[in-house]
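Visitor: Prediction below, plus the sequence it came from.
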Amino acid sequence: MTTLELSHVYKRVTSPVERAILSDISLRIEPGDFACIRGKSGAGKSTLLNILGLLDSSFEGDYLLDGRSVSEMSVREFGEARAQIFGFIFQSFHLFPDRSVLENVLLGNLYVASSPTQRQQKALDALAFVGLEERAHQLVSTLSGGEQQRIAIARAMLKDAPIVILDEATAYIDPENEAVIQRAVAQLIAGKTVIIIAHRLSTITDADTIFLIADGTVAASGTHTQLLSDCTEYRSMWQAHISAKDGDAND
């Protein structure tokens, strides 16, 4: 298992106007942690997720994997670390149109085809709603957002990486797929380190650590209970969430 640590990480964007997306991020995620990233739109949550997952190396400051700085890695080592350590589920999911559904799912996981584990077989079983040999270009126009997410989750389950990074998988999903996806995600993250951007506050109440991002830095961190007690901004978010739920119940 791998410990992740960011130390004074800074990330700027130069177009159209130079500004800092992240100005001073320091955090530590221990093996097996369920860590959540929360913040307002534009706070830099996705940028932070990309840095943590080694999808973005254009930052200043230091990033340590088990005590080793990623800046000391060769290009090959950097790529191998990303491929071996991390599994990803993002809201935007690309299907290669000239490949079958099965080939899309097996990308980067071709060894699975000959001897799938029980966990990996469950991933393939989750795709029973679609023909595995069908070409993606035949399906793109007919797959719902939820069905595409199920393919993305199956790909991550097959990879079986020790760290799972996701932009909350059920935030914008059609109701008929939500329960299926929640079960699949539960299977995917069992026993792993999880880093999630949480759009729904109800998702993160059991998190080991919630990192609240504001003004390009970690404005507060702690458990749900700790932040409710100590962080005014988080408490306001939670109260708004509860009020919205109450309003839905009264409709």
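Guide: Looks like it arrived, so ask away.

Visitor: Give me the contacts around the one helix or strand residue 46 maps to.
Guide: Using DSSP states H and E, residue 46 sits within helix 45-52. Helix 45-52 is contacted by residues 4, 6, 9, 11, 21-22, 25, 29, 37-39, 56, 59, 63, 165, 167, 195, 197, 213 when judged by C-beta atoms under 8 Å, 6 or more residues apart in numbering. For every residue, glycine as well, the C-beta is placed using N, CA and C.

Visitor: Repeat the analysis, applying 6 Å as the threshold.
Guide: Contact partners of helix 45-52, identified using C-beta atoms under 6 Å, 6 or more residues apart in numbering, comprise 11, 21, 22, 37, 39, 56, 59, 165, 195, 197, 213.

Visitor: Select only the buried ones of those residues in ChimeraX?
Guide: The buried residues among the contacts of helix 45-52 can be selected in ChimeraX (16 or more other C-beta atoms under 10 Å) with this line:
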select :11,21,22,37,39,59,165,195,197,213
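
Visitor: What about the contacts of helix 45-52, which are in helices?
Guide: Nothing among the contacts of helix 45-52 maps onto helices, per DSSP state H.

Visitor: Turn the contacts of helix 45-52 into TSV, columns for pLDDT and distance to residue 73.
Guide: Output for the contacts of helix 45-52, formatted as TSV (pLDDT from 0 to 100; distance: C-beta to C-beta, whole Å):
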residue	pLDDT	distance to residue 73
11	91	18
21	87	23
22	93	21
37	94	24
39	89	28
56	91	14
59	93	14
165	92	18
195	94	20
197	89	25
213	94	26
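
Visitor: nearest to residue 87, of the contacts of helix 45-52?
Guide: residue 165 (7.1 Å; C-beta to C-beta).

Visitor: same question for the helix holding residue 46, mean pLDDT?
Guide: Here helix 45-52 scores 93 as its mean pLDDT.

Visitor: what's the next helix or strand after that helix packed up against?
Guide: Per DSSP H and E, the first helix or strand lying C-terminal to helix 45-52 is strand 60-65. When contacts are defined as 3 or more C-beta pairs under 6 Å, 6 or more residues apart in numbering; DSSP states H and E, strand 60-65 packs onto strand 4-13.

Visitor: 10 Å instead?
Guide: If you count contacts as 3 or more C-beta pairs under 10 Å, 6 or more residues apart in numbering; DSSP states H and E, strand 60-65 packs onto strand 4-13, strand 19-29, helix 45-52, helix 75-85.

Visitor: now the angle from it to strand 4-13?
Guide: Here strand 60-65 points in a direction 150 degrees away from that of strand 4-13 (axes from the mean of the first three to the mean of the last three C-alpha atoms, to 10 degrees).

Visitor: Show me what counts as buried in strand 60-65.
Guide: Buried residues in strand 60-65, counted by 16+ other C-beta under 10 Å: 61, 63, 64, 65.

Visitor: pLDDT of that strand, averaged?
Guide: 96.

Visitor: and what of stretch 24-34?
Guide: Mean per-residue pLDDT for stretch 24-34: 96.

Visitor: CA atoms only: put it into CSV for me.
Guide: Output in CSV follows, covering the C-alpha atoms of stretch 24-34 (Å, rounded to 0.1, in the frame of the first residue of the first chain):
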residue,chain,number,x,y,z
ASP,A,24,-0.4,26.0,-1.4
ILE,A,25,-1.7,22.4,-1.0
SER,A,26,-0.2,20.2,1.7
LEU,A,27,-2.0,16.9,2.6
ARG,A,28,-1.3,13.3,3.5
ILE,A,29,-3.3,10.3,2.6
GLU,A,30,-2.5,7.0,4.4
PRO,A,31,-2.9,3.5,2.9
GLY,A,32,-6.5,2.4,3.2
ASP,A,33,-7.9,5.9,3.8
PHE,A,34,-11.2,7.0,2.5
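
Visitor: Appreciated, that's everything.
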